[in-house]
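>>> predicted model, plus sequence, below.
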4 protein chains.
Amino acid sequence: MTAVGRRSWVIADGWIPPRSTGDDLALVSHEAACMLNANETPAHVIFTIFFAERDPEGSLSITIPARRILHQNLEKLPGAAIAKGTDYCVLIESDQPIVVQHTRLDSRQAANALMTTIAFPCD
Amino acid sequence: MTAVGRRSWVIADGWIPPRSTGDDLALVSHEAACMLNANETPAHVIFTIFFAERDPEGSLSITIPARRILHQNLEKLPGAAIAKGTDYCVLIESDQPIVVQHTRLDSRQAANALMTTIAFPCD
Amino acid sequence: MTAVGRRSWVIADGWIPPRSTGDDLALVSHEAACMLNANETPAHVIFTIFFAERDPEGSLSITIPARRILHQNLEKLPGAAIAKGTDYCVLIESDQPIVVQHTRLDSRQAANALMTTIAFPCD
Amino acid sequence: MTAVGRRSWVIADGWIPPRSTGDDLALVSHEAACMLNANETPAHVIFTIFFAERDPEGSLSITIPARRILHQNLEKLPGAAIAKGTDYCVLIESDQPIVVQHTRLDSRQAANALMTTIAFPCD
């Protein structure tokens, strides 16, 4: 079987909108790294966050169980501290092949906007 | 002639918005896997749906006739049961090369939002 | 110098929104194939449009001059007849390497929505 | 270690919306080339802007420090003169591997729209 995915991915346009419209928690502005681990073994995934004016923040790790998905809200990444309204990029490295898609929901104005892209596979 | 497409594709940010605004059926919130089969023979396509907290749902199959397209609404995939508002990923495997593009229309708020990306080719 | 682009590209989610909001011509709903020809020679580009329930429409050709761009409105592709509100896919073949990005502007509701993706390179 | 990125990238759908809604500077319509330089050395990046009806504008250069990011507003690219409401494409060449993501915010109508894609890697 072909491996489903790659081991190294980049999200280059990270920016968490600082405000939201409405009371619906699902419509709070956010960014997510949406990941598939189609393997029979867990994937150990390390996030490194890069910034414009300071050193990268690294060694943030999560585990995606075998044959499971994880849509990770990037503001809630364990151990990270990404301020809203700050430019950042993310390098995502996994010991198993995974697939990563980047999505932003922006509800600063009266109707929400969405954007998505498959992240860039580096390996 | 170069093959038009690949045999294995992933959509990583699956999530069907649970509500819609307006009476226009074309503006109901939905997600689609938009596929081209440019070949002279039909493509037999198998979908496997992965979730965060349960085993994948597999062996959902459709056929795209030769030299035809199919924009498949993912909520209406034959045999699948993807609940609205649930995180999922999709692995799409075909016996012929195809191209897959993932699109979401979200009309929860007063004006619709759109997002799209070419899916990730795994082979 | 590295070639800038590829010779065969696919847009898989073609669908021209059938209505628009407002009087601004630039905000009329549309889809575009945005193309760069960075070469020193003109690029001759052939479009084939695929549908769900009828044979493809082919041999639609345009030329992009040397070191020029063309953002082609797909509804206005010379010789083609893509009805609004119809699912389609596009195969774009060029005798010179080009880059293709697919964008939709949808202004059916009160504020416009946008989506974009680099098309899929087949060669 | 695998190189993080590529040295040659294209954005094919460049177009800066000519108007904006609201007083929030962060909601002014714009386009950005969002770039990661994950290397231990600075990246020297050259932009060439291509147009539909005139010669390309080239030799616009910026530097991204080692292990830093740059989300470059394309209207504010040093030395360039991209008019609002004009079709353009961008070729981005770097002496170090980088990753480029293209994003547009369009706030011409009452709620903003977003679109994004990883740019096309040419090398």
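That came through, no problem.
>>> which bits of chain A sit near chain B?
A:2-5, A:21-22, A:24, A:26-27, A:32, A:34-36, A:38, A:67-71, A:99-101, A:103, A:105, A:107, A:110-118, A:121 (CB under 8 Å from any CB of the partner chain). Every residue, glycine included, has its C-beta placed from N, CA and C.
>>> the same query, at a cut-off of 6 Å, please.
With CB under 6 Å from any CB of the partner chain as the criterion, chain A comes near chain B at residues A:2, A:4, A:34, A:36, A:67, A:69, A:71, A:99, A:101, A:103, A:111-118.
>>> of those residues, which ones also sit close to chain C?
Among the residues of chain A next to chain B, chain C is touched by residue A:111 when using CB under 6 Å from any CB.
>>> name the nearest residue to residue A:15, ignoring sequence neighbours.
Leaving out its chain neighbours, the residue that sits closest to residue A:15 by CB to CB, 6 or more residues apart in numbering or on different chains is residue A:87, at 5.7 Å.
>>> give me the local confidence score for that neighbour.
At residue A:87 the predicted local confidence, pLDDT, stands at 98.
>>> was I right about it contacting residue D:71?
Yes - using CB atoms under 6 Å, residue A:87 is in contact with residue D:71, at 4.3 Å.
>>> number of nearby residues for the residue in chain A that chain C sits nearest to?
Closest residue of chain A to chain C, CB to the nearest CB: residue A:111 (5.4 Å). By the criterion of other CB atoms under 10 Å in any protein chain shown, residue A:111 has 26 neighbours.
>>> report the contact partners of it.
B:109-111, C:111, D:111 (CB atoms under 6 Å, 6 or more residues apart in numbering or on different chains).
>>> any idea which of those is least confident?
Among those, residue B:110 has the lowest pLDDT, at 85.
>>> please, which helix or strand holds the nearest residue to that residue once chain neighbours are set aside?
In space, and not counting its chain neighbours, residue B:110 is closest to residue A:111: 5.0 Å by CB to CB, 6+ apart. Under DSSP states H and E, no helix or strand contains residue A:111.
>>> residue A:111 and residue D:65: what is the separation?
Residue A:111 sits 38 Å away from residue D:65, going by CB to CB, to the nearest Å.
>>> same thing with residue A:49?
Note on residue A:49: its distance to residue D:65, by CB to CB, is 16 Å.
>>> cool, and residue A:41?
Remark: distance between residue A:41 and residue D:65 (CB to CB) = 38 Å.
>>> between these two, which one's more packed in?
Per other CB under 10 Å, whichever of residue A:41 and residue D:65 has more neighbours is residue D:65, with 14 against 11.
>>> so what's the more buried one closest to, chain neighbours aside?
residue D:42 (5.3 Å).
>>> assign residue A:3 to helix, strand or coil.
Secondary structure, DSSP: H, G, I helix; E, B strand; the rest coil: residue A:3 is coil.
>>> quick one: the residue nearest the centre of chain A from residue D:19, how far?
Centrality entry for chain A: nearest residue to the mean C-alpha point is residue A:33, 2.4 Å, by CA atoms, centre = their mean. Counting by CB to CB, the separation of residue A:33 from residue D:19 is 33 Å.
>>> go through the one helix or strand in chain A whose mean pLDDT sits lowest and flag the buried ones.
Taking mean pLDDT, DSSP states H and E as the measure, the helix or strand of chain A with the lowest value is strand A:57-64, at a mean of 93. Residues of strand A:57-64 classed as buried: A:57, A:60, A:62, A:64 (neighbour count, 16 or more other CB atoms under 10 Å in any protein chain shown).
>>> quick check, pLDDT for the residue nearest to residue D:65.
Looking at residue D:42, its pLDDT reads 98.
>>> same question for residue A:105.
Predicted confidence (pLDDT) for residue A:105: 96.
>>> check the one 3 residues further on too.
At residue A:108 the predicted local distance difference test score is 93.
>>> that one and residue A:17 touch, don't they?
Yes - judged on CB under 6 Å, residue A:108 makes contact with residue A:17 at a distance of 5.2 Å.
>>> those two: who's more crowded?
Between residue A:108 and residue A:17, residue A:17 has the larger neighbour count (other CB under 10 Å), namely 23 against 19.
>>> element containing that one, please.
For residue A:17, there is no helix or strand it lies in under DSSP H and E.
>>> and the residues of chain A next to chain B, which of them are buried?
Among those, the ones that count as buried by 16+ other CB under 10 Å are A:4, A:34, A:36, A:67, A:69, A:71, A:99, A:101, A:103, A:111-118.
>>> return the distance of stretch A:20-34 from the chain's centre.
14 Å (CA atoms, centre = their mean, to the nearest Å).
>>> start to end distance for it?
End-to-end distance for stretch A:20-34, by CA to CA, to the nearest Å: 21 Å.
>>> how about low-confidence regions in chain A?
Low-confidence segments of chain A (pLDDT under 70): A:1.
>>> got the residues of chain A near chain C?
residue A:111.
>>> try 10 Å
When proximity is defined as CB under 10 Å from any CB of the partner chain, chain A approaches chain C at A:109-118.
>>> now the end-to-end length of stretch A:32-52.
20 Å.
>>> now that stretch: buried residues?
Residues of stretch A:32-52 classed as buried: A:32-39, A:43, A:45, A:47-51 (neighbour count, 16+ other CB under 10 Å).
>>> narrow these to those in strands?
A:32-37, A:43, A:45, A:47-51 (DSSP state E).
>>> okay, and the beta partners of the nearest residue to residue A:13 once chain neighbours are set aside?
Nearest non-adjacent residue to residue A:13, counting by CB to CB, 6+ apart: residue D:34, 3.7 Å away. Listed by DSSP bridges, the beta-bridge partners for residue D:34 are residue D:71, residue D:101.
>>> wait, doesn't residue A:77 sit right on residue A:30?
No - here residue A:77 does not reach residue A:30: they are 11.6 Å apart, not a contact under CB atoms under 10 Å.
>>> gap between residue A:87 and residue A:20?
Going from residue A:87 to residue A:20 by CB to CB gives 19 Å.
>>> how about stretch A:78-96 as PDB, C-alpha atoms only?
The C-alpha coordinates for stretch A:78-96 follow below in PDB (Å, rounded to 0.1, in the frame of the first residue of the first chain):
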ATOM      1  CA  PRO A  78      -0.600  22.300  24.000                       C
ATOM      2  CA  GLY A  79       2.300  24.400  25.300                       C
ATOM      3  CA  ALA A  80       2.200  27.000  22.600                       C
ATOM      4  CA  ALA A  81       1.300  30.700  23.000                       C
ATOM      5  CA  ILE A  82       0.200  32.200  19.700                       C
ATOM      6  CA  ALA A  83      -1.300  35.600  20.300                       C
ATOM      7  CA  LYS A  84      -4.200  36.600  18.200                       C
ATOM      8  CA  GLY A  85      -3.500  39.000  15.300                       C
ATOM      9  CA  THR A  86       0.200  37.900  15.000                       C
ATOM     10  CA  ASP A  87       1.800  36.600  11.800                       C
ATOM     11  CA  TYR A  88       3.300  33.100  12.200                       C
ATOM     12  CA  CYS A  89       4.200  30.000  10.200                       C
ATOM     13  CA  VAL A  90       4.100  26.400  11.400                       C
ATOM     14  CA  LEU A  91       6.400  23.500  10.600                       C
ATOM     15  CA  ILE A  92       4.700  20.200  11.400                       C
ATOM     16  CA  GLU A  93       6.900  17.100  11.600                       C
ATOM     17  CA  SER A  94       5.600  13.500  12.100                       C
ATOM     18  CA  ASP A  95       7.200  10.100  12.600                       C
ATOM     19  CA  GLN A  96       4.400   8.600  10.400                       C
END
